[in-house]
Every structure is written in structure tokens, then in C-alpha cells.
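*Asks:* Sharing a model prediction with you, sequence too.
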Amino acid sequence: MGNMIWLKVGICFSCLAVIIGAFGAHGLKKILTDNDTLAIFQTAVRYHMFHSIGLMITGILQLMGHLTSQTSSILFSLGIIIFSGSLYFLAITELKWLGAVTPIGGVLFIAGWVILLLALR
């Protein structure tokens, strides 16, 4: 995979966001009946996709030689897992304590964007 790793990870995460979004819209109709849980699920999918695209951008920047650090890519990946993952589970299970985990993922997203800005050459 070499230098294309983050581009490939971003593409895989994008595909997964579409699959999860479709599953939520069709397969979870009976579970996501409440407007609040549906909105939570949609927020998870939206941020999942935004940061998947961010991963692809970091991959392209690395291939072009404009970015040597992988830190922002790692932070985006962890953010997707923690932020979107906690919201997916919160929407499906309604375990409210998962909402306390979500901001950690948000901080990882913010840090990823800041580090990306600072790491550009």
C-alpha cells in the first residue's frame, strides 16, 4: 500500500459511511423512529463522510509531497471511530452514557484539521 494508505483508508471509510447510512435509512427504520435518534444517526453518518473525505485529501497531499506527517490522518480515523461510532451506538441502543464519549472524537477531528494546516509544506 505504501504512500497510498490514507487514500485507501479514506475510500474504505467513505464506502462504509454509505453502507451504514443506507442501513440506517432502510434496515433500522423500526429502531430509528424517534426524530432525535434519527438526527443522531444522521449526524454520525455526516461526520463520518466528511472526515473520510478529509482522509482522502491527506492521502492525496502525501502523494503530492505536500504533507509528510500522518498525524492528521490518524486523528481523523480515530475521530470517525470514536465520534461516529459512539453516535451510531447511541442512536441504536439509546445508551445515554455514550454521549459522554462523543466529544472525544470531536476533539480528535479538530486536532486533525489543525495539525493538517500546520503540517502542510
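*Replies:* In hand now; what should we look at?

*Asks:* if you average pLDDT over stretch 79-91, what comes out?
*Replies:* Averaging pLDDT along stretch 79-91 yields 96.

*Asks:* hmm, who's touching that stretch?
*Replies:* Outside stretch 79-91, the residues that touch it by CB atoms under 8 Å, 6 or more residues apart in numbering are 13, 20, 24, 32, 37-38, 40-41, 43-45, 47-48, 51-52, 95-96, 98-99, 101-102, 104-106, 108-109, 112. C-betas here are computed from N, CA, C, even on glycine.

*Asks:* Please pick the buried ones from those residues.
*Replies:* 13, 20, 24, 32, 37-38, 40-41, 44-45, 47-48, 51-52, 98, 102, 105, 108-109, 112 (16 or more other CB atoms under 10 Å).

*Asks:* What about those residues, which are in helices?
*Replies:* 13, 20, 37-38, 40-41, 44-45, 47-48, 51-52, 102, 105, 108-109, 112 (DSSP state H).

*Asks:* Appreciated, that's everything.
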